[in-house]
Structure formats: C-alpha cells, structure tokens
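In: Okay, predicted coordinates and the sequence, questions at the end:
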Amino acid sequence: MSFAAWNVRGLNSPEKQTEIRKLINEHSLHLLAILETKIQEANVTAVHMKIAPSWKLFHNYPHSPLGRIWILYNPKVLTVHRMSDGAQHIHCSVTSIDDQKHFYISVVYAYNTALQRRRLWSDMVVLASLMCQSPWSIMGDFNIMRHFRETFGGSGRWNSGIIEFNECIHSAELSDLRYSVIRFTWTNKSPGVANITRKLDRGFYVMICGHPHFLFPAVVMKLKMLKCKLKQLNNKEFSDLSNRVLAAKDELQKCQVRLDDDPSNEGKARVNWLKDGDQNTLFFLKTFNNKCNRKKISRLTLASREITDSILVIKDEALRFFQAILGNNTGPYFGSSPLMKTIASPSLSPLLLISLASHLWRTSNSVSSL
C-alpha cells in the first residue's frame, strides 16, 4: 500500500490536475491527501471526476469553505472510514481489503499562526491516547518546522511555535519519518538573499509492538538475517567461555615458565639492540625513553615523611643527606675538595648527584677500613 500527501496550493488549473494523475500512476498510490485545493464546494465533483473518477473522496468543507483537505482513495484496495475531522485535520480508519490489515491515518493542514495551531496540537495528543493499540500515521503540512536546520534564510529567532510543536510530538510519542531527496518543502520564491526555504511538510508514525501488524514483512526478513549473523558471531567469539579462560590461563603459565627457564631472552634483547638500536628507529626511541624513565627520580620521600616531585627539592635533599655523611671527612675526596664542589654544583641532575655521592660514600668506607 502506498500513500502520499501534497500541498498543491491550488487545484483549479488543468496542469495541476494532470500532475495529480501522474503522481497517482507513477507511484502506484492507493490513497492521496491533497491540501490547499482552493476549489469551491460547487466544483468539487467536476474536479474529482477529472483526477480520479473511480476513487472515493473525503473533504472538510463543513469546516473550511475552500476545502483545505481532500482525501482520495482506491475503494478496490482500501476500506476507509472518517473518524473525526476539523478545519486542520481529517482522521480516518483504514483497512486493507486483501489482507485485512488495519491502521489509522490522520491528514493535517495546520493554520499559519501558533495560536491557531494549538487546537490541532491538542487534538493530536487526544488522538494519540486513543491509538495505543493500533498503528497510526500522520502526514501533511504542519506549517511549522521542528529545528532551525530545517530552514534556510529568514529570521533565526527561536519562537514559541517551534517549542509547542515539539512538545506535541513528545506528548503524543510520535516518530518523525526520514525524508529522502528533498529536505525543504516550501519556499517564498523570493530571489537572492530574500529567499526563504523551510521544511513544513512531513510525516509521523506510531508503531505498537503488541499489535499483530507491527512487524512488516521487510522488517521481519531483515531481523531474521540479523539474527543469523548474530548467532554466527556468538558461536565464533563468545561460545565456551569457561574453557577459553582455562586455556588462556594455561598458556600464560607456560609463557612464564619459559621466560624463567630461558636466560637467553636477555641475549635476544641484545641481538635486537645490535640490529635496530643504532638506526634512529622507533625501536631505538622506545628503548631510549625506557632507559631514561627507569633511571629517573621523579618522587622522593623527605625526612618529614612528605612526598615531593619537585626536581629542585629532590636535589637539595640528596645534597643535604650526603653532606651529613661526607662533609666532616678529610682527604682529597671529601669536604671542600673539587669533587665535592662539583657535587654541590646547581647544574647536576638529582640522579647524577646521588650517583656521585654514593660513589664517595663507598670510597669513604673503603678508606676507613684500611
């Protein structure tokens, strides 16, 4: 079944009537909503017979003298009953004759002002509460956009009409149908910078999971194909997890045993260094950075039990520590000797300072034991 809605902005011209016939034939439509016909009620039958003489027609002339909304449908394919109507909408019950699928369609042609549209939004929310067990489609010209990305040109000021429209959609729990090919459906036809285009025509739907007709054949087929792929993925990647965990633990233990029993691993690392280490490669840079980080003193616990990461504080603390040990000794290596003055130089890094001081300490102990 195929349905469509079109704001024709006048249906009196023969050219526009020809376009309607082409639209029905080219898209094999079974129901067509025509908005803003501007047809006098006295001329309805004549125009109807020119467009689709074998189809039936609903309209809302009792609420609008120019027939704002027409609904044409093929009675050989559909059974359609008018449920309610107003100046801005017609709500119908639709049943497919072939398979007896039942659903609802509401055709909307909203007024131009936010104040006039409030009655329509209220009616849609009420209808939504009645459609809780049936599929429902809403289509037409809502005369308001949902977001500023649906407009080009004109004022960028946010207005209450957009807010009220989105509140209605949220309250009625409607889902917006995606557009294809054409985004903007209306233009003021002004040239240059004065041109304004907007998306005012759209469709919504409400699909109920508990309804027997909720899953259409195409959707069912896609879900079945997805289910098959998910089963294959589960069997390949996630089946027999307990045994996979045990196998992984066993492999980890074997690797640890091999590393412990094979002291040649260090030799292999040296072979890699001789092969790639002197070529300014990524391997060289990673090795250099690892060695720098391994020999770097980035944090130190002071005598006060405070932890510091300041390079200057670490250096001063190391200097004080070894001066307390070596400063009172005598001899060519201690006290005010050139080497001790070098250790006290502010240009030394904390690591080099501690290394030199440790060497002096070991030398001191050796001299003392002689």
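Out: Nice, thanks for sending it over. Residues are numbered from 1 along each chain as shown.
In: switch to C-alpha atoms for all contacts and neighbour counts from now on
Out: OK.
In: Pull out the buried positions in stretch 11-25.
Out: For stretch 11-25, a neighbour-count test (16 or more other CA atoms under 10 Å) marks Leu11, Gln17, Ile20, Ile24 as buried.
In: can you tell me how far Val94 sits from Leu230?
Out: Plainly put, Val94 is 37 Å away from Leu230 if you go by CA to CA, to the nearest Å.
In: Break down the chain into its helices, ranges please.
Out: Using DSSP state H, the helices of the chain run over residues 14-26, 44-51, 114-130, 160-172, 217-237, 241-261, 264-276, 282-294, 311-326, 338-343, 350-369.
In: Format the buried residues of stretch 11-25 as JSON lines; extra columns: distance to Lys249 and pLDDT.
Out: Putting the buried residues of stretch 11-25 into JSON lines (distance: CA to CA, whole Å; pLDDT from 0 to 100) gives the following:
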{"residue": "Leu11", "distance to Lys249": "77", "pLDDT": "94"}
{"residue": "Gln17", "distance to Lys249": "77", "pLDDT": "96"}
{"residue": "Ile20", "distance to Lys249": "72", "pLDDT": "95"}
{"residue": "Ile24", "distance to Lys249": "68", "pLDDT": "95"}
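In: ok, now which ones touch the closest residue to Ile162 other than its chain neighbours?
Out: By the measure of CA to CA, 6 or more residues apart in numbering, the closest residue to Ile162 outside its immediate chain neighbours is Arg146, 5.7 Å from it. Applying CA atoms under 8 Å, 6 or more residues apart in numbering, one finds that Arg146 lies in contact with Ile162, Phe165, Asn166.
In: Of these, grab the buried ones for PyMOL.
Out: In PyMOL, selecting the buried portion of these, with burial taken from 16+ other CA under 10 Å, looks like this:
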select buried, resi 165+166
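In: Now tabulate the contacts of Arg146 in CSV and tack on distance to Ala4.
Out: As requested, the contacts of Arg146 are arranged in CSV below (distance: CA to CA, whole Å):
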residue, distance to Ala4
Ile162, 24
Phe165, 22
Asn166, 23
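In: Between the contacts of Arg146, which sits nearest Thr197?
Out: Distances from the contacts of Arg146 to Thr197 were compared by CA to CA; the smallest belongs to Ile162, at 15.9 Å.
In: just to revisit the earlier point, who's more crowded, Val94 and Leu230?
Out: Val94 (19 against 12; other CA atoms under 10 Å).
In: Check what pLDDT the more buried one gets.
Out: According to the prediction, Val94 has pLDDT 95.
In: does it really touch Tyr104, like I thought?
Out: Yes - under the criterion of CA atoms under 8 Å, Val94 makes contact with Tyr104 at 5.6 Å.
In: gap between the closest residue to Leu72 other than its chain neighbours and Gly153?
Out: Residue nearest to Leu72 in three dimensions, not counting chain neighbours: Leu57, with 4.6 Å by CA to CA, 6+ apart. Distance of Leu57 to Gly153, computed by CA to CA: 38 Å.
In: Ok, His59 next?
Out: Here the distance between His59 and Gly153 works out to 34 Å (CA to CA).
In: contacting residues for Tyr104?
Out: Residues near Tyr104 by CA under 8 Å, 6+ apart: His91, Cys92, Ser93, Val94, Ser134, Pro135, Trp136, Ser137.
In: Is it bridged to anything, and to what?
Out: On DSSP bridges, the residues paired with Tyr104 through beta bridges are Ser93, Trp136.
In: quick one: pLDDT of it?
Out: Among the per-residue scores, Tyr104 holds a pLDDT of 93.
In: picking that back up, out of the contacts of Tyr104, grab the one that's most surrounded.
Out: Highest neighbour count within the contacts of Tyr104, by other CA under 10 Å: Trp136, with 23 neighbours.
In: hang on, that residue packs against Phe103?
Out: Yes - under the criterion of CA under 8 Å, Trp136 makes contact with Phe103 at 5.9 Å.
In: ok, for Asp176, nearest residue in space, not its chain neighbours?
Out: Phe204 (4.6 Å).
In: what's the domain layout of the chain?
Out: Following automatic domain parsing, the chain resolves into domains at 3-208, 241-287, 300-369.
In: Tell me which of those domains sits nearest to Met225.
Out: Closest of those to Met225 is domain 3-208, at 21.6 Å (criterion: CA to CA).
In: Around Thr37, how many other residues sit close by?
Out: Under the neighbour criterion other CA under 10 Å, Thr37 is assigned a count of 19.
In: Now for it: which residues touch it?
Out: Contacts here follow CA under 8 Å, 6+ apart; on that basis Thr37 touches Asn7, Val8, Arg9, Gly10, Leu11, Asn12, Leu66, Gly67, Arg68, Ile69, Trp70.
In: how about the last one, what does it touch?
Out: So the one you mean is Trp70. Taking CA under 8 Å, 6+ apart, we find Trp70 in contact with Ala33, Ile34, Leu35, Thr37, Leu57, Phe58, His59, Asn60.
In: Nothing else from me, thank you.
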